[in-house]
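In: pasting the structure only:
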């Protein structure tokens, strides 16, 4: 297996608008990221993934881009970005940007020109049809929006303000490649590629038998030719890291995107956990990890994450965000940093930030949630019932401002934030975490240090044991002379754990655990709620 710097890296995701606000306008900014770089560096992260900061009307929090070569006013200026990049590099870290090229904003000059006339040279930069089909988008009941200027419909996989680019047009592809070179020439270190498997569309846009299952939006014929062309014309000329956001994929599909002999991407995010497991399901999670390991190991690289800017914070969604908040945060951290693949940390995860429950739909910003609420209420459903049904997976669960201290607005801003702060900020914040050596922060820091010092956490084989246990997740990682055992009780009850005989007869050295008490016994012992232990065997 080829060893590379990026396989050994830990990525820290910065959702800058919720990270740190330096000018009091209520939005985080790039200057705020600069001021907090030492914090990220102290944690031990190697790579910063910066969410979109390009010119944008901000309908979908920067994922609707109107100018690919500028920085939106809320974030700062191009000069600020260049200073940020310099400061990241001066600390020995790397920075990757969000590449959003499935769609643009409807305010992008290309779309304005495309919609001005059926004969305009840029008409085919986007997808136009005289009649819609029955597909639905991520955010709306239809992928098609009627445009009165030309009497045709344009295609959008997301909001109506986010028309999809027509990747069949080679001029569009060249425009995108040229834009990528613009940023790479500034010495950024790669891209996180937003919904990159949606670029190719089904020929003819046939009606779907089950339009509610929107997997027809992705993995269509032509996608691999586009990505191989992107690699050939752009990526292979730079020493950079790429990770693709790729929904609707199996391990077999995933390998086509990230196989080491494919010349497409380095690694991917799949969503078998975050899109299909609303609450913790031990057996489902074990099965997913086993299938992806068997399908990918030695041939392509995986990623490990349980939350991000689109998915509810892990302690609220999968753990216990009250009685066992600290224990479950540390337990899932152990899981993510010891499973095969690259671990991703979403800002605030490292201090155990939780999801939020606001009182009204008016308190939420999430366009997907608001559109779904409007759609369901229009069908006659009870508004309160609809609201309650959407709370658990609302994207604002992860987007509330970073909690830096217990002062007003959690130290995030001197002005009213763009999104309400989680009310628990007085108890859960960075200042508190840094003052407590037993905090979630220092546990993450230690896991990252261990990963840097022990290649078994990166390149070790994965062998699950106790596969039918409903509470305990246990597995070996083995690399060269290193043999580690990971034990996790992902439940809210004390759980007995009986080790295999071949392991119980060997010397087990505790490397790290999330409870302060020493381990009890070797062949049989009790794991506390959300207890995590890593042992060195032999």
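Out: Arrived safely. From a predicted model like this one, the values you see are computed outputs, not experimental measurements.
In: Let me see the contact set for residue 473.
Out: By C-beta atoms under 8 Å, 6 or more residues apart in numbering, the contact list for residue 473 reads 282, 285-286, 335, 464, 466, 486-488, 490. Heads up, the C-betas are built off the backbone N, CA and C, glycines and all.
In: Just the ones of those residues in helices?
Out: Counting by DSSP state H, the members of those that fall within helices are 282, 285-286, 335.
In: By neighbours, which of these wins?
Out: residue 335 (22 neighbours; other C-beta atoms under 10 Å).
In: Distance of that one relative to residue 249?
Out: In this view, residue 335 and residue 249 are 21 Å apart by C-beta to C-beta, to the nearest Å.
In: Quick test: name the residue nearest the centre of this protein.
Out: Closest residue to the average C-alpha location of the chain: residue 308 at 4.1 Å, with C-alpha atoms, centre = their mean.
In: That one touches residue 13, doesn't it?
Out: Yes: at 6.0 Å, residue 308 and residue 13 qualify as touching, with contact defined as C-beta atoms under 8 Å.
In: Now list whatever residues contact both of these two.
Out: Residues touching both residue 308 and residue 13 (C-beta under 8 Å, 6+ apart): 344, 346.
In: burial measure for residue 475, as a count.
Out: Using other C-beta under 10 Å, residue 475 has 25 other residues around it.
In: Please apply the same query to residue 109.
Out: When neighbours are defined as other C-beta under 10 Å, residue 109 has 12 of them.
In: Mind listing residues that contact the worst-scoring helix or strand of the chain on mean pLDDT?
Out: Least confident element among the helices and strands of the chain, by mean pLDDT, DSSP states H and E: strand 524-527 (a mean of 79). For strand 524-527, contacts defined as C-beta under 8 Å, 6+ apart pick out 472, 487, 489, 494-499, 504, 519-520, 533.
In: May I see the PyMOL selection of the buried members of these?
Out: Remark: buried members of these, expressed as a PyMOL selection using 16 or more other C-beta atoms under 10 Å:
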select buried, resi 472+487+489+495+497+499+519+533
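In: need the helices for the stretch 101-250 of the chain, in chain order.
Out: Under the criterion DSSP state H, counting those that start in this stretch, helices of the stretch 101-250 of the chain are mapped to 109-114, 170-184, 223-233.
In: Turn these into a markdown table, including distance to residue 439.
Out: Output for the helices of the stretch 101-250 of the chain, formatted as a markdown table (distance: least, C-beta to C-beta, whole Å):
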| stretch | distance to residue 439 |
| --- | --- |
| helix 109-114 | 47 |
| helix 170-184 | 36 |
| helix 223-233 | 41 |
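In: Throw those helices into JSON lines and include distance to residue 195 and mean pLDDT, thanks.
Out: Formatted as JSON lines, the helices of the stretch 101-250 of the chain follow (distance: least, C-beta to C-beta, whole Å; pLDDT from 0 to 100):
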{"stretch": "helix 109-114", "distance to residue 195": "18", "mean pLDDT": "98"}
{"stretch": "helix 170-184", "distance to residue 195": "14", "mean pLDDT": "98"}
{"stretch": "helix 223-233", "distance to residue 195": "11", "mean pLDDT": "98"}
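In: out of the ones you listed, which comes closest to residue 53?
Out: Minimum separation from residue 53 across the helices of the stretch 101-250 of the chain (C-beta to C-beta) falls at helix 170-184, 11.1 Å.
In: Next, the angle helix 223-233 makes with the closest one.
Out: 50 degrees (axes from the mean of the first three to the mean of the last three C-alpha atoms, to 10 degrees).
In: can you pull the buried residues of helix 170-184?
Out: Residues 172-173, 175-177, 179-180, 183-184 are the ones in helix 170-184 that count as buried (16+ other C-beta under 10 Å).
In: from those, which is closest to residue 401?
Out: Residue 401 has its nearest neighbour among these in residue 183, at 27.1 Å by C-beta to C-beta.
In: Correct me if wrong: the closest one contacts residue 96.
Out: No: if you go by C-beta under 8 Å, residue 183 and residue 96 don't touch, sitting 10.1 Å apart.
In: helix/strand/coil for residue 451?
Out: helix (DSSP: H, G, I helix; E, B strand; the rest coil).
In: Distance of it relative to residue 319?
Out: According to C-beta to C-beta, residue 451 and residue 319 sit 21 Å apart.
In: Settle it for me: which of those two has more neighbours?
Out: A count of neighbours by other C-beta under 10 Å puts residue 319 above the other of residue 451 and residue 319, at 25 against 20.
In: Who are the contact partners of that one?
Out: By C-beta under 8 Å, 6+ apart, the contact set of residue 319 is 280, 325, 328-329, 331-332, 530.
In: again, 6 Å this time
Out: Contacts for residue 319 (C-beta atoms under 6 Å, 6 or more residues apart in numbering) come out as 328, 332.
In: Which secondary structure state does it sit in?
Out: Put simply, residue 319 is coil when judged by three-state DSSP.
In: for the least confident helix or strand of the chain, which positions count as buried?
Out: Using 16+ other C-beta under 10 Å as the test for burial, strand 524-527 gives residue 527.
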